[in-house]
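Asks: Need a 3D model of the following:
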Amino acid sequence: ALTAHEPGHNWHGAHCTADPDCGIMCSGLGGCSGDLIHFGATPKAAITAFRNSRTCLPGSQHVPDDSYEPNDDLYSARPLTVGEYDLQIQSNEDYFSFTLCQPTSVTIRALYAFNMFINLHLRNPAGCVLYSGSASSLNSSKTITQSLPAGSYVISLERTDIGGQGGAYRLQLNLTVGDGSGSGCGPRIWYVKPGPFSCGIGTSWGQAFKNLQDALFATRISASPAQQIWTAAGTYKPTAGANRDFSFFLGNETSVFGGFAGTETSLGERNPAANVSVLSGDLAGNDPGAPGNFANYDDNSYHVVTSSAANQTAVLDGFTIRGGNANDPNPSVNKGGGLFVPTGHPTMRNCRFEKNRATRGGAVYHGATQVSLYENCVFSDNLGDNDSGAIRNDGSIRLVGCDFIGNTTAGGAGGFHNTNAGASLLA
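Replies: Next comes the predicted model:
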């Protein structure tokens, strides 16, 4: 237990003595109920948030720790065909993701013994509960039966053993997929639009996600190739909390487009100039806004957008990226307040990087030897404390039709600091 307790602190988990399911992080290691198996909800949330913030670790809002047959690739949630699946339960709180390529009937059933209590939910990729399981008359099972539209879903199961009952618990979770599912999904569009909270599944403007992070998570658990995210005008932040480690992570086979009003049916209808989609690191909402004024930036995200090991199929197009502040004391990550690309070569088009700050590379840091394309982008009013007001390039980068306006630094190269002769600069 001690070997798990101390890394829990390393991953930002605190003691959770008041947490009913306390376990490993209990101060004194007594175990809140004499049980040292579980981290508990409070440190688990902190550990998950830390994991999601690090580009070197595979992150998602719900990373399952089990597998199920015959579809054993749980993280990528390959599309399910018609059939019956037994889900293997290994912990008191499990998540199972799956994808439906077509509208499909689904039955989810949890069978359990008398000495436990079960919560069974079907959620959207954002974690919002769509349906909850109804109990049998004998209170020995809970079932969800629904006809679902095509999309990606998460089954969540929480189990509480009832004290004093004795005996070993028995639990079985079963998923049955009916007619209509396919063996492979084609390209998919996910929709994001700010507004009142709702449990949208992101498959249309009417069912749009309210947060870009939810759509990015949906792309990670979906099996669709060449996915797009259409993002309506509004301001989106990496987290609703205050954790500066959070950023928007851009991965392969995902093109994220901004500039929509929220009614369009084709990509050509969008207008990024009229419908401004902003990715902001101003978590507290207290940035002064004036060019050159970086007061109150100490609580901003270290990086607004990150991308690591991605290729040119990772695309960001039509966004304003502002308010990043890469002042982390770690010299390996104190670069690129707006965009941090230590490896890989994503594609940036029609983006405006403004009012970002970093020790080096106020707006962008690029460290990969592969050539990354920046096309028709504007770099305005960014600050590099030591060097590189706009871009710090330690790899290879290609700039086409880009403008640099009012970027500053106390060191060399207010606009573009290039340390690699392989860089290609085109007007």
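Asks: Now stretch 219-236: buried residues?
Replies: Counting neighbours by 16 or more other Cβ atoms under 10 Å, one finds that the buried residues in stretch 219-236 are 219-224, 227-234, 236. For glycine as for every other residue, the C-beta is placed from the backbone atoms N, C-alpha and C.
Asks: Check stretch 263-280 too.
Replies: Within stretch 263-280, the residues that qualify as buried by neighbour count (16+ other Cβ under 10 Å) are 264, 270, 272, 275-280.
Asks: And for stretch 105-122?
Replies: Residues of stretch 105-122 classed as buried by neighbour count (16+ other Cβ under 10 Å): 105-106, 108-110, 112-113, 118, 120-122.
Asks: cool, stretch 337-346 as well?
Replies: Neighbour-count burial for stretch 337-346, with 16+ other Cβ under 10 Å as criterion, is recorded at 337-346.
Asks: Over to stretch 369-383?
Replies: Buried residues in stretch 369-383, counting neighbours by 16+ other Cβ under 10 Å, are found at 370, 372-383.
Asks: my read is Gln213 is in a helix, agree?
Replies: Yes. With DSSP: H, G, I helix; E, B strand; the rest coil as the criterion, Gln213 is assigned to a helix.
Asks: mind checking how far His192 is from Gln207?
Replies: If you look again at residue 192, you'll see it is Val, not His. When distances are taken as Cβ to Cβ, to the nearest Å, Val192 and Gln207 turn out to be 11 Å apart.
Asks: neighbour count winner among these two?
Replies: When Val192 is set against Gln207 and neighbours are counted by other Cβ atoms under 10 Å, the residue ahead is Val192, at 29 against 17.
Asks: still on that earlier bit, ok, of the buried residues of stretch 369-383, which one's closest to Leu399?
Replies: For the buried residues of stretch 369-383, the residue nearest Leu399 by Cβ to Cβ is Tyr374; the value is 5.1 Å.
Asks: Look up how far Glu375 lies from Gly318.
Replies: Shown here: Gly318 relative to Glu375, a distance of 12 Å by Cβ to Cβ.
Asks: Give me the common contacts of those two.
Replies: Here Gly318 and Glu375 have 349-350 as joint contacts, going by Cβ atoms under 8 Å, 6 or more residues apart in numbering.
Asks: Not counting sequence-adjacent ones, nearest residue to Lys355?
Replies: Arg322 (4.7 Å; Cβ to Cβ, 6 or more residues apart in numbering).
Asks: Now do the contacts for that neighbour.
Replies: Going by Cβ under 8 Å, 6+ apart, the list of residues near Arg322 reads 278-282, 304, 338, 353-356.
Asks: Need the max-distance pair from the residues you listed.
Replies: Comparing the members of those, the greatest separation, given Cβ to Cβ, is between Asp282 and Phe353, at 14.5 Å.
Asks: if you count what's nearby, which of these two comes out ahead?
Replies: For the pair Asp282 and Phe353, the greater number of neighbours falls to Phe353 (33 against 23), based on other Cβ under 10 Å.
Asks: What degree of burial does Gly133 show, as a neighbour count?
Replies: When counting by other Cβ under 10 Å, one arrives at 20 neighbours for Gly133.
Asks: show me the contacts for it.
Replies: If you count contacts by Cβ under 8 Å, 6+ apart, Gly133 has them with 108-110, 118-121, 142-144.
Asks: Out of those, list just those in strands.
Replies: Among these, the members falling in strands (DSSP state E) are 108-110, 118-121, 142-144.
Asks: The nearest residue to Ala242 once chain neighbours are set aside: what's it in contact with?
Replies: Nearest residue to Ala242 in three dimensions, chain neighbours excluded: Leu283, at 5.7 Å (Cβ to Cβ, 6+ apart). Contacts for Leu283 (Cβ under 8 Å, 6+ apart) come out as 237-239, 241-242, 244, 299-301.
Asks: among those, who's most crowded?
Replies: Of all the contacts of Leu283, Ser301 has the most neighbours under the rule other Cβ under 10 Å, reaching 31 neighbours.
Asks: host element of that one?
Replies: Using DSSP states H and E, Ser301 sits within no helix or strand.
Asks: Also Arg159?
Replies: Under the criterion of DSSP H and E, Arg159 resides in strand 151-161.
Asks: Could you give me the buried positions within that strand?
Replies: Here strand 151-161 shows 151-157, 159 as buried, counting by 16+ other Cβ under 10 Å.
Asks: so where's the stretch 201-350 of the chain uncertain?
Replies: Counting by pLDDT under 70, the stretch 201-350 of the chain contains low-confidence ranges at 223.
Asks: Please, where are all the helices along it?
Replies: 212-221 (DSSP state H, counting those that start in this stretch).
Asks: Would you map the strands across it?
Replies: Ranges of strands in the stretch 201-350 of the chain, per DSSP state E, counting those that start in this stretch, are 227-232, 234-236, 248-249, 254-260, 277-280, 305-306, 314-317, 319-322, 325-326, 339-341, 347-349.
Asks: any idea of the angle the longest one forms with helix 212-221?
Replies: Put plainly, it is strand 254-260. Orientation of strand 254-260 against helix 212-221 (axes from the mean of the first three to the mean of the last three Cα atoms, to 10 degrees) gives an angle of 150 degrees.
Asks: What is strand 254-260 packed up against?
Replies: In terms of contact count using 3 or more Cβ pairs under 8 Å, 6 or more residues apart in numbering; DSSP states H and E, strand 254-260 is assigned the packing partners helix 212-221, strand 227-232, strand 277-280, strand 314-317, strand 319-322.
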